[in-house]
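Prediction below, plus the sequence it came from.
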Amino acid sequence: FFFPSSPCSGIDTRLVTMGCSYEIEGIAFELSILISPSYFLYKKFSQILSDIGENEGGIDKFSRGYESFGIHRCADGGLYCKEWAPGAEGVFLTGDFNGWNPFSYPYKKLDYGKWELYIPPKQNKSVLVPHGSKLKVVITSKSGEILYRISPWAKYVAREGGNVNYDWICWDPEHPYKFKHSRPKKPKSVRIYESHVGISSHEGKIASYKHFTCNVLPRIKDLGYNCIQLMAIMEHAYYASFGYQITSFFAASSRYGTPEELKELVDTAHSMGITVLLDVVHSHASKNSEDGLNMFDGTDSCYFHSGPRGTHDLWDSKLFAYSNWEVLRFLLSNIRWWLEEYCFDGFRFDGVTSMLYHHHGMGQSFSGDYNEYFGLQVDEDALTYLMLANHLIHTLYPDSITIAEVNCWDYRLASPYPLIKEFKDEDWNMGNIVYTLTNRRYLEKCIAYAESHDQALVGDKTLAFWLMDAEMYTNMSVLAPFTPVIDRGIQLHKMIRLITHALGGEGYLNFMGNEFGHPEWLDFPRKGNNESYHYARRQFHLTDDDLLRYKFLNNFDRDMNRLEERCGWLSAPQAFVSEKHEGNKIIAFERAGLLFIFNFHPNKNSDAAEYGGHQRLDHNTDFFSEPLEQNGRHYSLLVTLIELILQTWNMQF
């Protein structure tokens, strides 16, 4: 029976109690089994999955919506068109092919708000709507308005010249791209290079898929990353949104090139053994109506919640109605589209916190307690969708990778960055650093990062800027002597990244350019900066200049990844931390058969010359353990560093 908690408690602690009574040798016993709230979420997921099977023939068929919705060339040369517009009074197709006559090709109304249209081929059997044609869906609303819309299922949209809005363009090339290389096997250790195609050039312009393929992929391979997370691929009208205000969910952004060129990028990455993830945004959508989903059928409730619930107040965007059957079809089909059409190997789901909770995470702090995953504040419809999406992805491709910001799918994201930037390095607490890097539940995988794209954005500072600030512009030449700021900054930059890499999770992420301490923040062209591209770029050429110290950080990042590839600490069990010495600023831990010793002391340290250090390391030294118990370990290791100051400490292992 169900035993609900008080509706005023704020926490949904419903339990299923299954009980039985029995007697043994005259003694009465009662047995009760209590089932946690997650049971109800799983039950809802199972029920919807069952409903999909009963009504749609299974999730496999249900997730192929892109095969019928939108426009499609038929075998006889005709055109089949289908839309879901439940609030429309009439639906029509117009474009170049009919001289933009808005009403000459009306759709037929079907059940459940669906509309379809078949256009026969020309008498000579040639195609009526050739590749490159411009199209619009015309909606007549119940209030009498005539609305020109882009199909939600459009596979290619572009903005020409000085046009404000995007055009829907029929993409049906005579020679579509054929993938040559198979997907790489799922890596045991995930080392992610978070990337944005548009900013991948040092020039002040939008870079292309071709540029990324030819110039950036080889760098990523050389650096030892085995996974790329591509951002801002799903089409977004506003470049400065960083790709997080999607207007066309099935269209690869045309500002970087064609769909075929994106496919070539993914295929080339696969040829290098690199897994490619898509940064997918199903948490919200752009408010645009002319070239977005909003008000598609003349109402505010087509794909989104109606009224205030359908608007994200902080992001000024629209929120999906995840309980709607056709919205589920649309989003699940979108997931499948990117897996099948572009051969992506998985996804990083953005804005999961906003999806999970009715409050969208605004004005909330999270302790990590499991009660925060359940209760009246949880949007169960959104959570069920995420479960369906994850189920679909791994059903289609079991080796796919899914990453979320908070929800424990394959991985979630975690970072010690706030702790590091709030204190001067001489005041860093070793215990707090260790706690932040190891604060995760058993078997709950985390992608650790010292900094992601969020820290690179204007308004914040990258890790390198926090450590070295303006001196990065004046004192990074090898011809000039080290200043205390640059010297200390370079050493800390390396150590922070390595300890995060080795201790922080079961995967590692770096945002492009941050590996070598990119000297400038990231800011997209917008009114506030006079539409400048100066900061919307990555200056990779700085690492190729032997007269600059950026090469040292780049080399360290490369060798750090290569060492992990050999030793596999990311795929090993969590580390055993054996030393957190506040006085000496020492952290020591064991993982994957390796002993890591980090010395964060401001003036008692050592480093290697090839990484911009002072060559105070002797790699010819042999260290031996002895049966001397230390901190609960049976053996210990004595390490001595001789430099300006003699320092000795015991390391147990």
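Perfect, I can see it now. Numbers count the residues shown, from 1 in each chain.

right, and the helix or strand after the strand or helix carrying residue 194?
Taking DSSP states H and E as the definition, one finds residue 194 inside strand 190-196. Where DSSP H and E defines the elements, the next helix or strand beyond strand 190-196 is helix 209-211.

Give me the buried positions along the helix or strand that that next one is followed by.
Tracing the chain C-terminally past helix 209-211 and defining elements by DSSP H and E, one meets helix 217-223 next. Neighbour-count burial for helix 217-223 flags 217, 219-221, 223 (criterion: 16 or more other C-beta atoms under 10 Å). In short, each C-beta sits where N, CA and C put it, glycine included.

got it, and stretch 561-573?
Buried, per 16+ other C-beta under 10 Å, within stretch 561-573: 561, 563-564, 567, 569-570, 572.

again, but for stretch 111-125
113-115, 117, 119.

Dump the buried residues of helix 217-223 to a markdown table, plus distance to residue 175.
Putting the buried residues of helix 217-223 into a markdown table (distance: C-beta to C-beta, whole Å) gives the following:
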| residue | distance to residue 175 |
| --- | --- |
| 217 | 23 |
| 219 | 30 |
| 220 | 28 |
| 221 | 28 |
| 223 | 34 |
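
Can you tell me which of those residues is closest to residue 363?
In terms of C-beta to C-beta, no member of the buried residues of helix 217-223 lies closer to residue 363 than residue 220, at 38.2 Å.

What distance do you get for the nearest residue to the closest one once chain neighbours are set aside to residue 499?
Spatial nearest neighbour of residue 220, excluding adjacent residues (C-beta to C-beta, 6 or more residues apart in numbering): residue 193 at 4.8 Å. As judged by C-beta to C-beta, to the nearest Å, residue 193 and residue 499 stand 19 Å apart.

what about these two, which has more around it?
More crowded of residue 193 and residue 499, by other C-beta atoms under 10 Å: residue 193, with 25 against 21.

could you dump the buried residues of helix 217-223 to a markdown table with distance to residue 66 and pLDDT?
Shown next, in a markdown table, are those (distance: C-beta to C-beta, whole Å; pLDDT from 0 to 100):
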| residue | distance to residue 66 | pLDDT |
| --- | --- | --- |
| 217 | 28 | 98 |
| 219 | 34 | 98 |
| 220 | 30 | 98 |
| 221 | 32 | 98 |
| 223 | 35 | 98 |
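
out of the residues you listed, which one sits closest to residue 323?
For these, with residue 323 as the reference and C-beta to C-beta as the criterion, the closest is residue 220, at 40.0 Å.

And the pLDDT at residue 7?
pLDDT, residue 7: 33.

Tell me where the stretch 251-400 of the chain has helices.
259-271, 325-340, 352-356, 380-396 (DSSP state H, counting those that start in this stretch).

Then the chain?
Counting by DSSP state H, the chain has helices at residues 38-56, 59-62, 209-211, 217-223, 259-271, 325-340, 352-356, 380-396, 417-421, 430-438, 453-456, 463-468, 484-503, 550-567.

Between these, which one is closest to residue 167.
helix 259-271 (15.3 Å).

so where's the stretch 351-500 of the chain shaky on pLDDT?
In the predicted model, the stretch 351-500 of the chain carries pLDDT under 70 at residues 368, 406-421.

Recalculate using a threshold of 80.
Within the stretch 351-500 of the chain, the ranges that satisfy pLDDT under 80 run 365-374, 405-423, 455, 458-460.

Look up how far residue 77 lies from residue 123.
Distance check for residue 123 against residue 77: by C-beta to C-beta, it reads 10 Å.

swap in residue 475?
67 Å.

do the same with residue 213
34 Å.

which one of those two has more residues nearby?
Using other C-beta under 10 Å, the more surrounded residue of residue 213 and residue 77 is residue 213, with 20 against 15.

quick one, what contacts the more buried one?
Contact analysis of residue 213 by C-beta atoms under 8 Å, 6 or more residues apart in numbering lists 261, 264-265, 268.

Put together CSV for those residues, with neighbour count and pLDDT on each row.
CSV is the format used below for those (neighbours: other C-beta atoms under 10 Å; pLDDT from 0 to 100):
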residue, neighbour count, pLDDT
261, 18, 98
264, 18, 98
265, 28, 98
268, 19, 98
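
Closest one of those residues to residue 435?
residue 265 (39.8 Å).

and the nearest residue to residue 495 once chain neighbours are set aside, how many neighbours does it have?
Closest residue to residue 495 apart from its sequence neighbours, by C-beta to C-beta, 6+ apart: residue 598 at 5.9 Å. By other C-beta under 10 Å, 21 other residues sit near residue 598.
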